[in-house]
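> Make a model of this:
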Amino acid sequence: MTSRRPRLTAALAVLAASVGLGGSALAQDRHDHRGPERGGAERGGPRAPLQFDQRYHHDHYYPPRGQAVPVLPGGSLGITFGGGHYFFHSGVWFRPWGGRFMVVLPPIGIVLPVLPSAYVTLWIGGAPYYYANGVYYTPAPAPGAGYVVVAPPPGADTAQPAPVPSPAAASRPLPEPIVYPRNGQSAEQTEADRQACNRWATTQPNALADAEVFQRAVAACLDGRGYTVR
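The predicted model follows:
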């Protein structure tokens, strides 16, 4: 669940850094609901406005679809679906595009092992749905198989978000692990190993249903490749 205060996603912060945004611009973006212009697919090119997703009071900014970035956010999850390759990070989906990575809408049916870090819970027709960045997710049919991207369900236009739990009752999201290369691996090799371990972790029992199990599997894989994870 999200609060009603607009926030930048982690993927958006990486996108901003990749096109040379200053700290003052990012600070302004956290407070300006009007979605000021930010970013640009090419250095020195026209800037594209960030999109403020206020549906169901989600209240988060995301990079616009169709915008390309030179590198993926660290820790992006790679998923193969329908013969294509997709990457996911903090509610934002990417596809390879001409040596870069384009922000895209995910295909219906693709499965995530865990939900986005920020989402809104909806109950429609007696079933749970989870919404973030224009995308609806629902538990996959197979038990423990994660969350599948679905088309907007009937009744989505008039649905209301489930009540936000109190701070004492709300579960805290798992922190992003810190990875230290014990053997002097380069940044490029570290990121390649992280993505490989993300893919491997999705094959482990219960990892698709439990974020903590998923992170433990990633940590075990990285440890075997010569990294310390905290």
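> From start to finish, how long is stretch 85-104 in a straight line?
12 Å (CA to CA, to the nearest Å).
> which non-adjacent residue is nearest the residue with the largest distance to the centre of the chain?
Distance to the chain centre peaks in the chain at residue 183, reaching 29.1 Å (criterion: CA atoms, centre = their mean). Among residues not flanking residue 183 along the chain, residue 226 sits closest, at 4.3 Å (CB to CB, 6 or more residues apart in numbering). Where C-beta positions appear, they are placed from N, C-alpha and C, glycine not excepted.
> what sits opposite the closest residue to residue 110 other than its chain neighbours in the beta ladder?
Closest residue to residue 110 apart from its sequence neighbours, by CB to CB, 6+ apart: residue 81 at 4.4 Å. With DSSP bridges as the criterion, residue 81 is bridged to residue 84.
> Could you check how far residue 81 is from residue 184?
To residue 184, residue 81 is 35 Å away according to CB to CB, to the nearest Å.
> which regions of this protein lie under the pLDDT threshold?
Across the chain, the ranges flagged by pLDDT under 70 are 1-48, 143-144, 164-175, 206-210.
> hmm, 50 instead?
In the predicted model of the chain, residues 1-5, 14, 17-45, 166-171 satisfy pLDDT under 50.
> So which residue is smack in the middle of it?
The residue lying closest to the centre of the chain (CA atoms, centre = their mean) is residue 90, at 2.1 Å.
> Could you measure from that one over to residue 198?
Taking CB to CB, one finds residue 90 at 14 Å from residue 198.
> wait, what's in contact with the closest residue to residue 153 other than its chain neighbours?
Closest residue to residue 153 apart from its sequence neighbours, by CB to CB, 6+ apart: residue 124 at 5.1 Å. Listed by CB atoms under 8 Å, 6 or more residues apart in numbering, the contact set of residue 124 reads 153-156, 159.
> if we take these, which one ends up nearest to residue 68?
residue 156 (29.2 Å; CB to CB).
> And residue 103, its phi and psi?
phi -70, psi 130 (degrees, to the nearest 10).
> Looks like it contacts residue 65 (just checking).
Yes. Counting by CB atoms under 8 Å, residue 103 does reach residue 65; the two are 5.0 Å apart.
> The two: which has the busier surroundings?
Each of residue 103 and residue 65 has its neighbours counted (other CB atoms under 10 Å); residue 103 has more, 24 against 14.
> For beta bridges, what are the partners of that one?
residue 94.
> just to revisit the earlier point, buried only: go through the contacts of residue 124 for me.
Buried members of the contacts of residue 124, counted by 16 or more other CB atoms under 10 Å: residue 159.
> number of nearby residues for residue 91?
23.
> Next up, the contacts around the closest residue to it other than its chain neighbours.
Residue nearest to residue 91 in three dimensions, not counting chain neighbours: residue 116, with 4.0 Å by CB to CB, 6+ apart. With contact taken as CB under 8 Å, 6+ apart, residue 116 is in contact with 90-91, 130, 132-133, 137.
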